[in-house]
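Peer 1: Here is a sequence with its predicted model. Questions after.
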Amino acid sequence: MTGIVAKMLLAGALVGAGASAAAAQANHFRGAACIQTVTAGCAAVGVTRGTCYDARLRPPNYNGGPNTTRVSFFLPYFASNFTLPTGSLVGTTFKSVNATGLGQSVTPYTAQARIPAMSPAAPAPATVYVTATIDVNGFDSDAPTCNVRLYFQGQRYPL
(Lines give C-alpha, C1' and ligand atoms only; values in the text may rest on other atoms or scores of the structure.)
Protein backbone atom coordinates (compact mmCIF):
# COMPACT_ATOMS: atom_id res chain seq x y z
CA MET A 1 0.00 0.00 0.00
CA THR A 2 2.84 2.40 0.84
CA GLY A 3 4.38 1.87 -2.61
CA ILE A 4 1.13 2.85 -4.33
CA VAL A 5 0.76 5.97 -2.19
CA ALA A 6 4.36 6.96 -2.90
CA LYS A 7 3.81 6.49 -6.65
CA MET A 8 0.63 8.59 -6.52
CA LEU A 9 2.45 11.36 -4.66
CA LEU A 10 5.29 11.26 -7.17
CA ALA A 11 2.83 11.39 -10.08
CA GLY A 12 1.05 14.35 -8.46
CA ALA A 13 4.34 16.16 -7.99
CA LEU A 14 5.29 15.56 -11.63
CA VAL A 15 1.92 16.80 -12.88
CA GLY A 16 2.24 19.86 -10.64
CA ALA A 17 5.72 20.53 -11.95
CA GLY A 18 4.42 20.17 -15.51
CA ALA A 19 1.67 22.70 -14.83
CA SER A 20 4.22 25.16 -13.45
CA ALA A 21 6.44 24.68 -16.50
CA ALA A 22 3.49 25.28 -18.84
CA ALA A 23 2.58 28.47 -16.97
CA ALA A 24 6.16 29.64 -17.34
CA GLN A 25 5.99 29.08 -21.12
CA ALA A 26 2.54 30.62 -21.65
CA ASN A 27 2.61 33.62 -23.99
CA HIS A 28 -1.00 34.23 -25.01
CA PHE A 29 -4.65 33.33 -24.42
CA ARG A 30 -6.69 31.19 -26.82
CA GLY A 31 -10.43 31.12 -26.94
CA ALA A 32 -13.37 32.62 -28.79
CA ALA A 33 -14.57 36.12 -29.60
CA CYS A 34 -18.10 36.91 -30.69
CA ILE A 35 -19.30 40.12 -32.32
CA GLN A 36 -21.73 41.97 -30.07
CA THR A 37 -22.32 45.11 -32.15
CA VAL A 38 -21.63 46.25 -35.72
CA THR A 39 -22.07 49.50 -37.63
CA ALA A 40 -23.97 49.80 -40.91
CA GLY A 41 -20.69 49.76 -42.84
CA CYS A 42 -20.25 46.07 -42.00
CA ALA A 43 -23.26 44.88 -44.04
CA ALA A 44 -21.44 45.24 -47.37
CA VAL A 45 -18.82 42.67 -46.36
CA GLY A 46 -21.06 40.28 -44.42
CA VAL A 47 -19.70 41.07 -40.94
CA THR A 48 -22.68 40.45 -38.67
CA ARG A 49 -23.63 40.54 -35.01
CA GLY A 50 -23.36 37.08 -33.47
CA THR A 51 -20.48 35.87 -35.64
CA CYS A 52 -17.96 34.02 -33.47
CA TYR A 53 -14.28 33.49 -34.18
CA ASP A 54 -11.52 31.35 -32.79
CA ALA A 55 -9.31 34.00 -31.25
CA ARG A 56 -5.93 34.72 -29.65
CA LEU A 57 -4.99 37.60 -27.38
CA ARG A 58 -1.42 38.44 -26.46
CA PRO A 59 -1.36 41.19 -23.80
CA PRO A 60 1.74 43.38 -23.55
CA ASN A 61 4.57 42.21 -21.31
CA TYR A 62 2.63 39.05 -20.49
CA ASN A 63 4.86 36.50 -18.80
CA GLY A 64 8.09 38.05 -20.09
CA GLY A 65 6.73 38.67 -23.58
CA PRO A 66 7.28 41.83 -25.62
CA ASN A 67 5.60 45.18 -24.94
CA THR A 68 3.13 44.71 -27.81
CA THR A 69 -0.56 43.85 -27.97
CA ARG A 70 -1.83 41.35 -30.54
CA VAL A 71 -5.37 40.20 -31.22
CA SER A 72 -6.20 37.64 -33.90
CA PHE A 73 -9.53 36.27 -35.16
CA PHE A 74 -9.89 33.10 -37.23
CA LEU A 75 -12.63 31.61 -39.41
CA PRO A 76 -12.16 28.51 -41.56
CA TYR A 77 -11.32 30.56 -44.66
CA PHE A 78 -10.28 33.94 -43.30
CA ALA A 79 -8.15 35.44 -40.53
CA SER A 80 -7.38 38.91 -39.30
CA ASN A 81 -4.75 40.25 -36.94
CA PHE A 82 -4.51 43.59 -35.16
CA THR A 83 -1.14 44.54 -33.64
CA LEU A 84 -0.21 47.52 -31.52
CA PRO A 85 3.59 47.54 -31.99
CA THR A 86 4.27 49.11 -28.59
CA GLY A 87 2.10 49.25 -25.51
CA SER A 88 -1.35 48.26 -24.41
CA LEU A 89 -4.79 48.55 -25.98
CA VAL A 90 -6.42 48.36 -22.55
CA GLY A 91 -8.26 51.63 -21.91
CA THR A 92 -10.83 53.92 -23.44
CA THR A 93 -8.61 55.47 -26.13
CA PHE A 94 -8.60 54.06 -29.66
CA LYS A 95 -5.08 53.50 -30.98
CA SER A 96 -3.82 52.93 -34.53
CA VAL A 97 -2.96 49.28 -35.07
CA ASN A 98 -1.30 47.39 -37.87
CA ALA A 99 -4.03 45.21 -39.33
CA THR A 100 -3.67 42.24 -41.63
CA GLY A 101 -6.43 40.33 -43.37
CA LEU A 102 -5.70 36.90 -44.79
CA GLY A 103 -8.18 35.41 -47.23
CA GLN A 104 -7.27 34.85 -50.86
CA SER A 105 -4.31 37.16 -50.29
CA VAL A 106 -2.58 39.02 -47.49
CA THR A 107 -3.92 42.54 -47.07
CA PRO A 108 -2.14 44.92 -44.70
CA TYR A 109 -4.02 48.05 -43.64
CA THR A 110 -4.47 50.39 -40.66
CA ALA A 111 -7.33 50.20 -38.18
CA GLN A 112 -8.13 51.62 -34.75
CA ALA A 113 -8.60 49.39 -31.71
CA ARG A 114 -8.98 49.45 -27.95
CA ILE A 115 -9.80 47.06 -25.12
CA PRO A 116 -12.12 49.08 -22.88
CA ALA A 117 -12.51 46.20 -20.41
CA MET A 118 -10.26 43.24 -19.63
CA SER A 119 -10.23 41.00 -16.58
CA PRO A 120 -7.67 40.81 -15.20
CA ALA A 121 -6.42 44.09 -16.70
CA ALA A 122 -2.78 42.96 -16.46
CA PRO A 123 -2.65 39.15 -16.39
CA ALA A 124 -0.01 37.51 -14.19
CA PRO A 125 1.86 34.40 -15.40
CA ALA A 126 -0.44 32.19 -13.29
CA THR A 127 -3.62 33.71 -14.78
CA VAL A 128 -5.60 30.90 -16.41
CA TYR A 129 -8.57 32.80 -17.91
CA VAL A 130 -9.01 36.25 -19.43
CA THR A 131 -12.14 38.03 -20.63
CA ALA A 132 -12.06 41.19 -22.70
CA THR A 133 -14.27 43.58 -24.63
CA ILE A 134 -12.48 44.48 -27.86
CA ASP A 135 -13.47 47.38 -30.14
CA VAL A 136 -12.10 47.61 -33.68
CA ASN A 137 -12.85 50.49 -36.06
CA GLY A 138 -12.04 49.38 -39.60
CA PHE A 139 -12.53 45.69 -38.84
CA ASP A 140 -12.40 44.70 -42.53
CA SER A 141 -9.97 46.10 -45.11
CA ASP A 142 -12.76 46.24 -47.71
CA ALA A 143 -15.05 48.22 -45.39
CA PRO A 144 -13.19 50.96 -43.52
CA THR A 145 -16.42 52.10 -41.80
CA CYS A 146 -17.11 48.62 -40.43
CA ASN A 147 -16.72 49.03 -36.68
CA VAL A 148 -17.30 46.13 -34.29
CA ARG A 149 -17.34 45.26 -30.62
CA LEU A 150 -16.36 41.71 -29.71
CA TYR A 151 -16.39 39.82 -26.44
CA PHE A 152 -13.37 37.53 -25.90
CA GLN A 153 -13.02 34.65 -23.47
CA GLY A 154 -9.72 32.81 -23.46
CA GLN A 155 -7.51 30.39 -21.60
CA ARG A 156 -3.76 30.63 -21.08
CA TYR A 157 -1.76 28.71 -23.69
CA PRO A 158 -0.08 26.43 -23.10
CA LEU A 159 -2.14 25.64 -20.05
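Peer 2: Ah, there it is.
Peer 1: Could you tell me whether Trp42 really is in a helix?
Peer 2: One correction, residue 42 is Cys, not Trp. Yes - according to DSSP: H, G, I helix; E, B strand; the rest coil, the state of Cys42 is that of a helix.
Peer 1: who touches the most centrally placed residue in the chain in this structure?
Peer 2: Note on the chain: the residue nearest the mean C-alpha position is Leu57, at 1.8 Å, using Cα atoms, centre = their mean. Leu57 makes contact with His28, Phe29, Gly31, Arg70, Val71, Val130, Ala132, Ile134, Phe152, Gly154, according to Cβ atoms under 8 Å, 6 or more residues apart in numbering. No exception for glycine: its C-beta is placed from N, CA and C like everyone else's.
Peer 1: Check Arg56 too.
Peer 2: Counting by Cβ under 8 Å, 6+ apart, Arg56 has contacts His28, Phe29, Arg30, Arg70, Val71, Ser72, Phe74, Gly154, Tyr157.
Peer 1: from those, which would you call buried?
Peer 2: Neighbour-count burial (16 or more other Cβ atoms under 10 Å) is assigned, among the contacts of Arg56, to His28, Phe29, Arg70, Val71, Ser72, Phe74, Gly154.
Peer 1: now the residues you listed as JSON lines including pLDDT, distance to Gly87 and secondary structure?
Peer 2: Shown next, in JSON lines, are these (pLDDT from 0 to 100; distance: Cβ to Cβ, whole Å; DSSP: H, G, I helix; E, B strand; the rest coil):
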{"residue": "His28", "pLDDT": "95", "distance to Gly87": "17", "secondary structure": "strand"}
{"residue": "Phe29", "pLDDT": "97", "distance to Gly87": "18", "secondary structure": "strand"}
{"residue": "Arg70", "pLDDT": "97", "distance to Gly87": "12", "secondary structure": "strand"}
{"residue": "Val71", "pLDDT": "98", "distance to Gly87": "14", "secondary structure": "strand"}
{"residue": "Ser72", "pLDDT": "98", "distance to Gly87": "18", "secondary structure": "strand"}
{"residue": "Phe74", "pLDDT": "97", "distance to Gly87": "24", "secondary structure": "strand"}
{"residue": "Gly154", "pLDDT": "98", "distance to Gly87": "20", "secondary structure": "strand"}
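Peer 1: Among these, find me the one that's closest to Cys52.
Peer 2: Distance ranking of the buried ones among the contacts of Arg56 against Cys52, using Cβ to Cβ, places Phe74 first at 10.5 Å.
Peer 1: Noted, bye for now.
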